[in-house]
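> any chance you can model this:
(chains A, B, C and D)
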Number of protein chains: 2
Amino acid sequence: MTLLEQLQLELAGLSKSERKVGEMILASPEATLHKSIAMLAKEADVSEPTVNRFCRTMGAKGYPDFKLQLAQSIARGTPYVNRHVEQNDSTQGLVEKIIESTMASLNITRASLDIAAMEKTIEALTRSHRISFFGLGASASVAHDAHNKFLRFATPVQFSDDVLMQKMAAINATKNDVMVFVSHTGRTKALCEVAAIARQSGATVIGITSTESPLAEECSLVLATHVPEDTDVYMPMASRIAQLVLVDVLVTGFTLKQGPELQEKLRLIKATLRDSRYEKRT
Amino acid sequence: MTLLEQLQLELAGLSKSERKVGEMILASPEATLHKSIAMLAKEADVSEPTVNRFCRTMGAKGYPDFKLQLAQSIARGTPYVNRHVEQNDSTQGLVEKIIESTMASLNITRASLDIAAMEKTIEALTRSHRISFFGLGASASVAHDAHNKFLRFATPVQFSDDVLMQKMAAINATKNDVMVFVSHTGRTKALCEVAAIARQSGATVIGITSTESPLAEECSLVLATHVPEDTDVYMPMASRIAQLVLVDVLVTGFTLKQGPELQEKLRLIKATLRDSRYEKRT
DNA sequence: TGGTATTTTGTAATTAAATTACATTTTATT
DNA sequence: AATAAAATGTAATTTAATTACAAAATACCA
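Residues are numbered from 1 along each chain as shown, chains lettered A, B, ... in the order given. Next comes the predicted model:
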């Protein structure tokens, strides 16, 4: 947990004056970094020792130490909510904001990921005789990506972003099949139906989606990516990245499970592909 | 660029004593945070004002200010090199490492991105009468993703991961076309050929690829993502993420250029899509 | 409700830290 | 080898942070 989150949480439990200090800091964390203890005290309308006591309450050794922790906390995740893109942002600002919120969502994913489910998924993929990746609309590209990555192994893989094809595949699935469904919201009716069919066929159904969604309920294993997002105007972008990273982890885990003999094979594939490339002049 | 990288760079240009200070800090950046100017001076075997001058040389207002910047710099990117995945990593470790290196590559992208090229690309897309996204193999999913995102606008969009289709499209392109080519290495022969054709047809050719690649030379604009990667065994994963973020920036910039009337339309699309979803129970 | 105990807050004094001004040393240059 | 310029250090000064203690506010109990 970051310092700011912790502060937000403990705010209610603080004494009146210390709370004033806390609110002041939460109001503009970055500005606080450039304030001396005297300035902050004056602005929060409390005495300097109060600020000092506040810092100690928050677990810091003193005011300078608190500022250091604050600086790190700010630098790490996105301060609060995602900084929103605004109409008259510069391109530079756009880049900063988008990258920042992407990184924030990665942080959330890291913190909230269910490792056990991840391990079981890798297990299941390893045992599987055939792997399928399904997604619709925006999530299709994640499934597509996963498909590409798994193409390099011996296990047959398929991918589809077409509901009818997906249904047929689901109907024909057996208990040796692993079917991975990608959906940001987990509320796309068509995809849920396919997942239900897959489950009835006895396949291992895995969801890369948000928890507590209809899709999640059809799944034996859920890899959750509950990234809050302003779904109003801009599309779910950060969450896509989180999904892709999960796919990366799956592939990597899968690769490692195969042991060294496979890695030799991977090198072979690389070498083969090299022929279709222009050499790098050194 | 982070403070530590900058320090590494400027180290040679510093005077003897200031360099001692710099080396001391590079040796253990985190430890420095808990040192007073006196302690640091003593350990580096210089006087206190030298440390102070060092801080000013590095662009800080003074020692405390320098420490704050240092704290942020440490908190941000992955400390130094990418940590590599190893055979007997735990799943937890896998997740950590992959997310960390992804974040590191995002940081690099942020720092090295050519903002001017980005702006020109957004301009070009805005003026364009038709937009195409092409990629092969692993990069196809990025192109696919871009296609999805641009589908929401009035400008016609197309996507292909098939060389023949791409060639046909390239032949039929006009100067009102913008064609975006995605390729990690920029060395896939087939894609370079298509880009060459597109250029001959008069289209604006844009590359999301690495600089100094054959593909880049065919492009009017290059959005570079030179992410170093151990291409040996594991696939280029982090770079994919960087490419996707670039696409995100493009879409967002494009959206903002459209002005408010479009945002209304986007809401409409959202509302329409909602019918194909299960409602969220509140 | 009034009085006491406890907690909270502020004032003033103290200590610690950082900065500045200036002197000295070192290094480069002719 | 002498001088100018740069680099570094010493000591004084200023600024910031902390501590000790007193005053005010709040809670508690008869």
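> quick check: which element contains the closest residue to A:Ala169 other than its chain neighbours?
Using Cβ to Cβ, 6 or more residues apart in numbering or on different chains and skipping residues adjacent in sequence, the residue nearest A:Ala169 is A:Ser132, 5.8 Å away. Yep, even glycine has a C-beta here, placed from its N, CA and C like the rest. Using DSSP states H and E, A:Ser132 falls within strand A:130-135.
> residues touching A:Leu68, list them.
With contact set as Cβ atoms under 8 Å, 6 or more residues apart in numbering or on different chains, A:Leu68 has these partners: B:Leu33, B:Lys67, B:Leu68, B:Ala71.
> what score does it have for pLDDT?
A:Leu68 is assigned a predicted lDDT (pLDDT) of 84.
> and what about it, helix, strand or coil?
Look at A:Leu68: counting by DSSP: H, G, I helix; E, B strand; the rest coil, its state is helix.
> quick one: it from A:Glu100, how far?
21 Å (Cβ to Cβ, to the nearest Å).
> burial check on the spatially closest residue to A:Val182 that is not a sequence neighbour, number of neighbours?
Ranked by Cβ to Cβ, 6+ apart and with sequence neighbours excluded, the top spatial neighbour of A:Val182 is A:Gly135, at 3.8 Å. A:Gly135 has 28 neighbouring residues, counting by other Cβ atoms under 10 Å in any protein chain shown.
> ChimeraX command for the buried members of the contacts of A:Leu68?
Listed next is the ChimeraX selection for buried residues among these, using 16 or more other Cβ atoms under 10 Å in any protein chain shown:
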select /B:33,67,68,71
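> which of the contacts of A:Leu68 sit farthest apart?
The most widely separated members of the contacts of A:Leu68, counting by Cβ to Cβ, are B:Leu33 and B:Leu68 (9.4 Å).
> residues contacting A:Gly186?
A:Gly186 makes contact with A:Cys192, A:Gly207, A:Thr209, A:Ser210, A:Ser213, A:Pro214, A:Leu215, A:Ala216, according to Cβ under 8 Å, 6+ apart.
> what are the phi and psi values for it?
phi 80, psi 20 (degrees, to the nearest 10).
> just how off-centre is stretch A:117-125 within its chain?
18 Å (Cα atoms, centre = their mean, to the nearest Å).
> domain assignment for chain A?
A:3-75, A:113-273 (automatic domain parsing).
> let me know the average pLDDT across the longest one.
If I follow you right, that is domain A:113-273. Regarding domain A:113-273, the rounded mean pLDDT is 85.
> off-centre distance for that domain?
15 Å.
> likewise stretch A:9-24?
Stretch A:9-24 has its C-alpha centroid displaced from the chain centroid by 31 Å (Cα atoms, centre = their mean).
> then stretch A:14-25?
Counting by Cα atoms, centre = their mean, stretch A:14-25 comes out at 33 Å from the chain centroid.
> contacting residues around it?
By Cβ under 8 Å, 6+ apart, the residues outside stretch A:14-25 that reach it are A:7, A:10-12, A:32, A:40-41, A:43-47, A:50-51, A:53-54, A:57, A:70.
> so how do I select the buried members of these in ChimeraX?
Here is the ChimeraX selection string for the buried members of the contacts of stretch A:14-25, based on 16+ other Cβ under 10 Å:
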select /A:7,32,40,41,43,44,46,50,51,53,54,57,70
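> how about residues contacting the host helix or strand of A:Ala198?
In this assignment (DSSP H and E), A:Ala198 forms part of helix A:189-200. Contact partners of helix A:189-200, identified using Cβ under 8 Å, 6+ apart, comprise A:134-136, A:163, A:166-167, A:170-171, A:173, A:177, A:179, A:181, A:183, A:186, A:205, A:207, A:214-215, A:218-220, B:276-278.
> closest point of chain A to DNA strand D, which residue?
A:Gly62 (1.9 Å; Cβ to the nearest atom of the strand).
> surely that residue meets A:Val51?
No. Using Cβ atoms under 8 Å, A:Gly62 is not in contact with A:Val51; the gap is 10.0 Å.
> tell me how far the closest residue to A:Asn148 other than its chain neighbours lies from B:Glu123.
Nearest non-adjacent residue to A:Asn148, counting by Cβ to Cβ, 6+ apart: B:Ala138, 5.0 Å away. B:Ala138 sits 29 Å away from B:Glu123, going by Cβ to Cβ.
> now the nearest residue to A:Ser160 once chain neighbours are set aside, what's its secondary structure?
Distance criterion Cβ to Cβ, 6+ apart; nearest residue to A:Ser160, sequence neighbours excluded, is A:Gln166 at 5.0 Å. Under three-state DSSP, A:Gln166 falls in the helix class.
> and A:Gln166, how many neighbours does it have?
28.
> report pLDDT for the closest residue to A:Leu106 other than its chain neighbours.
Excluding its sequence neighbours, the residue lying closest to A:Leu106 (Cβ to Cβ, 6+ apart) is B:Ile99, at 5.3 Å. Per-residue confidence at B:Ile99 stands at 78 (pLDDT).
> got the phi and psi for B:Ile99?
Taking degrees, to the nearest 10 as the convention, B:Ile99 sits at phi -70, psi -40.
> cool, A:Ala203 as well?
Dihedral angles for A:Ala203 - degrees, to the nearest 10 - are phi -70, psi 160.
> and if you look at A:Asp161?
The phi/psi pair for A:Asp161 (degrees, to the nearest 10) is phi -120, psi 20.
> how many residues are close by it?
Residues contacting A:Asp161 under the criterion other Cβ under 10 Å number 19.
> run through the residues that contact it.
A:Asp161 is in contact with A:Phe134, A:Gly135, A:Leu136, A:Gly137, A:Ala140, A:Ala143, A:His144, counting by Cβ under 8 Å, 6+ apart.
> all helices for the stretch 1-150 of chain A, in order.
Here the stretch 1-150 of chain A has its helices, by DSSP state H, counting those that start in this stretch, at A:3-10, A:16-27, A:29-33, A:37-44, A:48-57, A:63-75, A:91-112, A:115-127, A:140-150.
> for those, give me JSON lines that also has distance to B:Gly253.
Converted to JSON lines, the helices of the stretch 1-150 of chain A look like this (distance: least, Cβ to Cβ, whole Å):
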{"stretch": "helix A:3-10", "distance to B:Gly253": "29"}
{"stretch": "helix A:16-27", "distance to B:Gly253": "30"}
{"stretch": "helix A:29-33", "distance to B:Gly253": "25"}
{"stretch": "helix A:37-44", "distance to B:Gly253": "37"}
{"stretch": "helix A:48-57", "distance to B:Gly253": "41"}
{"stretch": "helix A:63-75", "distance to B:Gly253": "25"}
{"stretch": "helix A:91-112", "distance to B:Gly253": "6"}
{"stretch": "helix A:115-127", "distance to B:Gly253": "35"}
{"stretch": "helix A:140-150", "distance to B:Gly253": "20"}
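> B:Ile108 is nearest to which of these?
Nearest to B:Ile108, of all those, is helix A:91-112, at 10.4 Å by Cβ to Cβ.
> got the angle for the closest one vs helix B:91-112?
Note on geometry: by axes from the mean of the first three to the mean of the last three Cα atoms, to 10 degrees, helix A:91-112 and helix B:91-112 are set 170 degrees apart in direction.
> what helices or strands is helix A:91-112 leaning on?
helix A:238-258, helix B:91-112, helix B:115-127, helix B:238-258 (3 or more Cβ pairs under 8 Å, 6 or more residues apart in numbering or on different chains; DSSP states H and E).
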